[in-house]
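Q: Next input, structure requested:
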Amino acid sequence: MPRAAQIERDMGGNPQVAYALARAYRADKRFDDAARLLETVIENLSDHDVYEELAEMYKQQGNADKWDRDLPTSISPRPKTSAWSTRA
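A: Alright, predicted model coming up:
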């Protein structure tokens, strides 16, 4: 994904672009890059969808403890769409 690196350099400061790139990185299993961008977007927006994307990525990696530790108390999961709704 060399094009993604160029887009990130040119427009990565835009939260929408960063979110889209994070999703592309996650699909490409570049989890560190995806987490870095998602955490940057969260710092600026605190958007529920971004938290959910990060949770799904941690779940995909089997890292539920990290999500539980980092989940801010001000963000409550949406009913039936929470990334962890199937967790026991």
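Q: Enumerate every residue touching the spatially most central residue of the chain.
A: Among the residues of the chain, the one closest to the centroid is Leu54, at 3.0 Å (Cα atoms, centre = their mean). By Cβ atoms under 8 Å, 6 or more residues apart in numbering, Leu54 lies in contact with Ala35, Leu38, Glu39, Ile42, Trp67. (Each C-beta comes from the backbone N, C-alpha and C, glycine too.)
Q: can the residues you listed go into TSV with extra columns for neighbour count, distance to Gly13 and pLDDT?
A: TSV is the format used below for the contacts of Leu54 (neighbours: other Cβ atoms under 10 Å; distance: Cβ to Cβ, whole Å; pLDDT from 0 to 100):
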residue	neighbour count	distance to Gly13	pLDDT
Ala35	20	17	91
Leu38	25	15	87
Glu39	14	14	86
Ile42	19	15	81
Trp67	19	25	66
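Q: how about a markdown table for these, with secondary structure added?
A: Shown next, in a markdown table, are the contacts of Leu54 (DSSP: H, G, I helix; E, B strand; the rest coil):
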| residue | secondary structure |
| --- | --- |
| Ala35 | helix |
| Leu38 | helix |
| Glu39 | helix |
| Ile42 | helix |
| Trp67 | helix |
